[in-house]
Every structure is written in C-alpha cells, then in structure tokens.
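**Q** when you get a sec, could you give me coordinates for this:
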Amino acid sequence: MNDRIYLFVVLISIILTLLTTIVTLAENSSPHAGLSVFFAFFIVSIIGYISIKYNKMKIGKLIFSYIFGCVLLPCVYLYCEGINSGAPLYLLTSYFIIGLLLTGKSAIICYVVTLTLHMILIWIPYFHPNSFNIEPLSLEARYFDNAIAIVLVGFALFTLSIVSLDSYRKEHDSNKELLTKLKNMSEHDELSGLYNRRYLYRRLEELYSNNNDEINSYYIAMYDLDNFKTINDTYGHLFGDKIIVYFSDILKRNINEEAGELASRFGGEEFICIYKASTLDKAYAKAESIRLNLQLSEWSEDKNLTTTVSTGLVPCKKFSNTTQCLKEVDDLLYKAKESGKNQVYYNK
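**A** Numbers count the residues shown, from 1 in each chain. Here you go, the predicted model:
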C-alpha cells in the first residue's frame, strides 16, 4: 500500500509544482520565483523517477520527504514573496506527505526538522525585515495568489487523501480475504473439503463444556470406508481420492450446519459426523441412508465395484467428555468391521 501511495505522492507533487510554475509565470512574478518553482518540479521528477525505476522506494520516500519539505518548498516560499503570498499554504503539504510516506522515528524526526525550518523562515523576516529582501505583493496579486494556492493545495490534499484511504480499504479487504482463506485452511481438510480433525475436537469440546441439555440431542457417527487399501492398490491412489471426495460430498449433503451438525475427515479413510436428532433411531436412519447411498454408487472405472462403509454410532449424552465418546464410537466401528462390514453398529 505504501509504495502505491508514494507513486501518487510523486505524481501529485509533479502536477502541483508544474501548475504552480505556470501560475507564477502568468502572475508576472520575479524570474527567481518562476525558476524556484520550476526547480522544485524538476527535482521532484528526478527523485521520483530514480527511486521508482531502481526500486529504491524506502530511501526514496525519506529523501523525497526531506528535499520536498526542507529544500524545495522553502525555496518556493522565499522567492514567491513569502508570508505575503499563498506560499505558506504550500508548506502544509510537506507535513501531509511526511505522514503518508514515513513511519516511526523517521517520521517524527523529519516532522520536527521540517517544522523548525519553516518556523525560522516565517519568523526571521519579522525580526529582521531586510534578511530576505521580500517585497510584498499588491493587494490584488495577494488575493489572486492565495486563491490559486488554496485551489492547488486543496486539490493535492484532497487527491492524496482519497488515494491513501482507497489504498487502505483495498489492503484491508485483501488482508480480510487472506485471513478468511487462512482460517478456512486451518479448519478444513484440503482433499475432502470437510472440517479437519482439529476443528472437530474444538466443536466436541464446546459441546461438552456447555454444561447444559444441548448435548442430549447430539450423536457421533464414525465412518470407515471398507477395503480402502485394497481399492487403492487395485485402482490407484487417484481413484482412492475420488472415492474420498465422493463420500465427503454425500456427508455434506446430509449435514445441517445451522443446527450445529458437522462432517469432518478424521484421517485417511475415516470420517466423523456430529448429528442432531431427537432420538437414536433418527440418528441411525441418517447414518444408514449414507451407507446405502455409497453402496448403490456406480464407478466408471469398474462397473462391478461396490464401495461400502462401516459405521459406529453413539449418543453424546452417555459420556462426560470427548475422549470417552470417541473411544466408544471407535470401538463400535471396530465391531461393525468385525461383524462383516457395511453396516451401522450402535448400542441402545
């Protein structure tokens, strides 16, 4: 964001000094005034070009802030009739630029140095009127010069404010999007798109830590794809991944996240779902539906291939913590495997 702002600061400064040069010439001011403003335009252009071309943005911002606020604007101030003109308004832009381009100690030091120099420029003619030999403008010229200064400085500050705020919004939105992606990556399994094991444990801990009746309506189902190693060895790992993704989609379609349900990939070919149901029979019906859905699936790789899943199912209310609950559902899953696979096993 800061580099983008720097580019606009350089561009606006070039435009500002160029327009000021034109206005100075149109006012028939002294040759020194026109040359000083043109000199500022030239130096600003050179600093900006070199720092951008050679990618020296950091040092470019520092040099630009000092040269612009402590050299160029003071020269313009001195040769454009000083306090008797609109020149003091141009000095204000240097503080705005320091705030945009610099940070920390660099910004504070540059601000103090610039402010000190500007105060000296303003007050020396008051105590020593003949120090800079500044001749006041006529009343008409003074009004005209101040009006032009307000227009140009106002344009510069307005434009830089809009650009800096726009850059901030874009960076804020970009960071927010990045945080959302990182959060999603930390909570979801990459292959299946389901919640990962970490998020599952967090959700279960929340359920068991609420100390209320909410836990009574939740059930845990642990699924394990049958003969998955054999399928991988026979058809290849890409096909194995295809089955995992396909089964994950079945689980997703049978989950109501608004009700507090979730589907997660526990690891490898194992999956765990949290269901909300009024009775064990209803939770069983959901798990059984998922089992049948997978069993009836057809695969282009082998029309005769039947994919099945074994399942353990437990009510959360029977246990006092996550560890006990997961141990029991894992034991039931093992019994489903031992009893011939392709079934939902539970204890009433």
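
**Q** name the next helix or strand following the helix ranked longest in the chain along the chain.
**A** Identified as the longest helix of the chain according to DSSP state H is helix 139-187. With elements assigned by DSSP states H and E, the helix or strand that comes after helix 139-187 is helix 197-209.

**Q** picking that back up, quick check: mean pLDDT across the longest helix of the chain?
**A** Helix 139-187 shows a mean pLDDT of 81.

**Q** now do that helix and helix 197-209, the angle between them.
**A** 80 degrees (axes from the mean of the first three to the mean of the last three Cα atoms, to 10 degrees).

**Q** what helices or strands is helix 139-187 leaning on?
**A** On a contact count with 3 or more Cβ pairs under 8 Å, 6 or more residues apart in numbering; DSSP states H and E, helix 139-187 meets helix 2-26, helix 87-101, helix 197-209. Using the backbone N, CA and C atoms, a C-beta is placed for each residue, glycine as well.

**Q** what about the residue nearest to residue 153 when sequence neighbours are not counted, neighbour count?
**A** With sequence-adjacent residues excluded and distances taken as Cβ to Cβ, 6 or more residues apart in numbering, residue 153 is closest to residue 89, at 4.7 Å. By the criterion of other Cβ atoms under 10 Å, residue 89 has 18 neighbours.

**Q** isn't residue 89 up against residue 148?
**A** No: in this structure, residue 89 is not within contact of residue 148 by Cβ atoms under 8 Å, at 9.6 Å.

**Q** how about the secondary structure of residue 345?
**A** Using DSSP: H, G, I helix; E, B strand; the rest coil, the structure places residue 345 in strand.

**Q** so who does the nearest residue to residue 314 once chain neighbours are set aside touch?
**A** Residue nearest to residue 314 in three dimensions, not counting chain neighbours: residue 329, with 4.6 Å by Cβ to Cβ, 6+ apart. By Cβ atoms under 8 Å, 6 or more residues apart in numbering, the contact list for residue 329 reads 220-222, 272, 312-314.

**Q** so which of these are in strands?
**A** Among those, the residues falling in strands (DSSP state E) are 220-222, 272, 312-314.

**Q** now, which of those residues sits nearest residue 143?
**A** residue 272 (79.1 Å; Cβ to Cβ).

**Q** near the closest one, how many other residues are there?
**A** What residue 272 shows, counting by other Cβ under 10 Å, is a neighbour count of 26.

**Q** surely it meets residue 219?
**A** No: applying Cβ under 8 Å as the test, residue 272 and residue 219 come out as separate, 11.0 Å apart.

**Q** low-confidence ranges in the stretch 1-150 of the chain?
**A** Along the stretch 1-150 of the chain, segments meeting pLDDT under 70 span 1-2, 23-34, 37, 129, 131-137.

**Q** export the ones in strands among the contacts of residue 329 as TSV, with columns for pLDDT.
**A** Below are the ones in strands among the contacts of residue 329 laid out as TSV (pLDDT from 0 to 100):
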residue	pLDDT
220	96
221	97
222	97
272	97
312	96
313	97
314	96
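
**Q** from residue 36, how far off is the residue nearest the centre of the chain?
**A** Centroid-nearest residue in the chain, with Cα atoms, centre = their mean: residue 175, separated by 0.5 Å. To residue 36, residue 175 is 43 Å away according to Cβ to Cβ, to the nearest Å.

**Q** try residue 7
**A** 25 Å.

**Q** when those two are compared, which one has more neighbours?
**A** residue 36 (25 against 15).

**Q** now the more buried one: which helix or strand?
**A** helix 31-53.

**Q** ok, and what's touching that helix?
**A** In contact with helix 31-53 (Cβ under 8 Å, 6+ apart) are residues 6-7, 10-11, 13-14, 17-18, 20-21, 24-25, 56-57, 59-61, 63-64, 67-68, 71-73, 75-76, 78-81.

**Q** identify the residue nearest residue 270 in space, chain neighbours excluded?
**A** Residue 270's closest residue in space is residue 224 (Cβ to Cβ, 6+ apart), at 5.1 Å.

**Q** that neighbour: which element?
**A** Using DSSP H and E, the element containing residue 224 is strand 218-225.
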